[in-house]
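Chemist: The following comprises the amino acid sequence and a computationally predicted model.
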Amino acid sequence: MTEKKDNFYEDEDDVDFEEIGESETKEKLKEFYEKAKKFTRKVGEQISKQAEVQKLNLEIAGRKEELLRKYRLLGEKAFQYFKKNAPEDEAIKEIIGKIKKINSQIKALKKKIAEEKTKK
């Protein structure tokens, strides 16, 4: 069981390093270091994989942002074109009408802001 020995408690299952020879202790330490190296290598590989995936996800996000800018540019160019050339497609006419309505609402709101700023 347990017995008190110089202010320390020792279980029967505890390793008594005095009983283990020096070469056996070195072998145990060597095994421990090998396991630690394998574990560290495995963790490093996982971190590298996660970093690469994150890097690729950031690249995808950048490409999506670039795509949205191109769609917006295309939309602006198309809007300018259809302001001068009436579209035949009813869906395009409807979208242009909504854009014009939103633009006039923005102008009205800006006018209200200007009026509020000039009030005493």
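Modeler: Yep, it's here.
Chemist: how far out from the middle of the chain is the lengthiest helix in the chain?
Modeler: Scanning the chain for the longest helix, with DSSP state H as the assignment, gives helix 22-84. Averaging C-alpha positions (CA atoms, centre = their mean, to the nearest Å) puts helix 22-84 9 Å from its chain's average.
Chemist: what mean pLDDT does that helix have?
Modeler: Averaged across helix 22-84, the pLDDT comes to 91.
Chemist: counting contacts, what elements does that helix pack onto?
Modeler: Here helix 22-84 touches helix 90-118, going by 3 or more CB pairs under 8 Å, 6 or more residues apart in numbering; DSSP states H and E. Yep, even glycine has a C-beta here, placed from its N, CA and C like the rest.
Chemist: quick one on the thing from earlier: helix 90-118 and the longest helix of the chain, what's the angle between them?
Modeler: 100 degrees (axes from the mean of the first three to the mean of the last three CA atoms, to 10 degrees).
Chemist: What are the buried residues along stretch 42-59?
Modeler: For stretch 42-59, the neighbour count (16 or more other CB atoms under 10 Å) marks no residue as buried.
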